[in-house]
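Q: Any chance you can model this:
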Amino acid sequence: MTAGTPIRLTGYARGGGCACKIPPGELEAALAGLLPPPDGPGAAELLVGPECGDDAAAVLLPGGDTAVIATADFFTPVVDDPYDWGRIAAANALSDVYAMGGRPLVAVNLLAWPRELLPFELAREVMRGGLAVAREAGCHVGGGHSIDDPEPKYGMAVTGTADPARLLRNDAGRPGLPLSLSKALGTGVLNNRHKATGERFPEAVELMAALNRDAARAALAAGARCATDVTGFGLLGHLYKLARASGVTAVVDSAAVPYLAGAREAVRDGFVSGGTRRNLDWVAPHTDFGRAGEEERLLLADAQTSGGLLVAGELPGAPVVGELVPRGEHVLVLR
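A: Okay, the predicted model is just below:
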């Protein structure tokens, strides 16, 4: 870089945001055989573990009145502005606690930084953004861990609490429940366009930096017991995991799914990540796509960063995008 040239953080990352996740099929194959035995030591305390690929782990504390929620999430730059990247990464990490029906209590930073390539002042701005969102959530930030790395990465490990009798889980879906989505889709293709062209999408940035706190509270108030957040595996990927774990079929009303302005144009112009295409390949054998064309399929599989909550139940102000029905020939059905 030369003096006075703006630093584009996305140029230092091969992927961006949650699109840099390891493909879900590869991840499940790697974890096969590593799950803890259901009757092993401490099994009764582990309320939610890795078996269903839920958003976070949940452990029951002695006394039985409180569950501890634990999660970690970090990724490469999704936008060029360091403060915004920090805000988005923090909101994304906190979302895992909200997706379980919990309240975040304390977080620690996870930072990887190429010290010889990028000024550390930028790293400070990233962490300042993360701190701002954590404060908005009422969550303490108590330090963290950093390493020197060729590729910048940032996120948080978050600990929270929840009522064990009111956990939101991805295996608790039942036939007859509607599906509500609290944030519009399209951040993946818009972030990809930003990375390639430098064009900014303020609406997408603010959506990604927004907490899922209110959606989680509304889900609990409505009596919901099944939810997940929509991130790197796209709406179809996360819904497939939910429906598979719950033993139901999920029907998606494609026309009811909301999208950010410019998302369809970004797909048509080719700004589709490899992660999105891998998401689509993963769910395709289990999906009846009906009349949905390639554009619709890619948007529904678009790798989101800090997406909304997908709740089995109705949320005030959130569109109903489908329903759960008894398990049929396919796990996912588009109509």
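
Q: could you pull out the strands for the stretch 151-300 of the chain?
A: For the stretch 151-300 of the chain, the strands defined by DSSP state E, counting those that start in this stretch cover 153-162, 178-181, 227-229, 248-252, 287-288.

Q: Tell me which of the ones you listed lies nearest to Ala70.
A: Nearest to Ala70, of all the strands of the stretch 151-300 of the chain, is strand 153-162, at 5.5 Å by CB to CB. Just so you know, the C-beta spots here come from the backbone N, C-alpha and C atoms, and that holds for glycine as well.

Q: picking that back up, would you format the strands of the stretch 151-300 of the chain as JSON lines with mean neighbour count included?
A: As requested, the strands of the stretch 151-300 of the chain are exported to JSON lines (neighbours: other CB atoms under 10 Å):
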{"stretch": "strand 153-162", "mean neighbour count": "23"}
{"stretch": "strand 178-181", "mean neighbour count": "24"}
{"stretch": "strand 227-229", "mean neighbour count": "29"}
{"stretch": "strand 248-252", "mean neighbour count": "24"}
{"stretch": "strand 287-288", "mean neighbour count": "19"}
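
Q: Export these as CSV, with columns for distance to Glu295 and mean pLDDT.
A: CSV is the format used below for these (distance: least, CB to CB, whole Å; pLDDT from 0 to 100):
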stretch, distance to Glu295, mean pLDDT
strand 153-162, 31, 98
strand 178-181, 19, 98
strand 227-229, 24, 97
strand 248-252, 15, 98
strand 287-288, 16, 98
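
Q: Of all these, which one is nearest Lys241?
A: In terms of CB to CB, the element of these nearest to Lys241 is strand 227-229, at 7.0 Å.

Q: ok, the closest one: who's next to it in the sheet?
A: strand 309-312 (antiparallel) (DSSP bridges).

Q: could I have the partner strand exported to PDB, CA atoms only?
A: Written as PDB, here are the backbone C-alpha positions of strand 309-312 (Å, rounded to 0.1, in the frame of the first residue of the first chain):
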ATOM      1  CA  LEU A 309     -33.500 -15.700  13.900                       C
ATOM      2  CA  LEU A 310     -35.500 -18.400  12.200                       C
ATOM      3  CA  VAL A 311     -38.200 -19.300  14.700                       C
ATOM      4  CA  ALA A 312     -40.800 -22.100  14.700                       C
END
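
Q: Report the distance from whichever helix or strand comes after it to the chain centre.
A: For strand 309-312, the following helix or strand on the C-terminal side (DSSP states H and E) is strand 320-326. In terms of CA atoms, centre = their mean, to the nearest Å, the gap separating the centre of strand 320-326 from the centre of its chain is 20 Å.

Q: Indicate each strand paired with the next helix or strand after strand 320-326 and its parallel or antiparallel sense.
A: Sequence-wise, the next helix or strand downstream of strand 320-326 (DSSP H and E) is strand 332-334. When pairing is defined by DSSP bridges, strand 332-334 lines up against strand 248-252 (parallel), strand 287-288 (parallel).

Q: Just the pLDDT for Ala13.
A: We have a pLDDT of 87 for Ala13.

Q: Ramachandran coordinates for it?
A: Main-chain torsions, Ala13, degrees, to the nearest 10: phi -130, psi 140.

Q: Report how many residues lie close to it.
A: 18 (other CB atoms under 10 Å).

Q: I'd guessed it sits against Thr76; true?
A: Yes. Counting by CB atoms under 8 Å, Ala13 does reach Thr76; the two are 3.5 Å apart.

Q: that older thread, present the strands paired with strand 332-334 as JSON lines; the columns should include distance to Glu125.
A: Rendered in JSON lines, the data for the strands paired with strand 332-334 read as follows (distance: least, CB to CB, whole Å):
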{"stretch": "strand 248-252", "distance to Glu125": "39"}
{"stretch": "strand 287-288", "distance to Glu125": "41"}
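
Q: Quick one: closest of the ones you listed to Ala261.
A: strand 248-252 (21.3 Å).

Q: Tell me what angle the closest one forms with strand 320-326.
A: 150 degrees (axes from the mean of the first three to the mean of the last three CA atoms, to 10 degrees).

Q: I would like the residues contacting strand 248-252, please.
A: 173-175, 179, 235-236, 239-240, 242-243, 300, 321-328, 330-335 (CB atoms under 8 Å, 6 or more residues apart in numbering).

Q: Quote the end-to-end distance of stretch 172-184.
A: With CA to CA, to the nearest Å as the measure, stretch 172-184 spans 24 Å from end to end.

Q: quick check, distance from it to the centre of its chain.
A: Distance, centroid of stretch 172-184 to centroid of chain: 16 Å (CA atoms, centre = their mean).

Q: mind checking pLDDT for the residue nearest to the spatial centre of the chain?
A: Nearest residue to the geometric centre of the chain (CA atoms, centre = their mean): Thr231, 2.7 Å. pLDDT for Thr231: 96.

Q: how about it, what does it touch?
A: Shown in contact with Thr231 (CB under 8 Å, 6+ apart): Cys18, Lys21, Asn92, Ser95, His238, Ala303, Gln304, Thr305, Ser306, Gly307.
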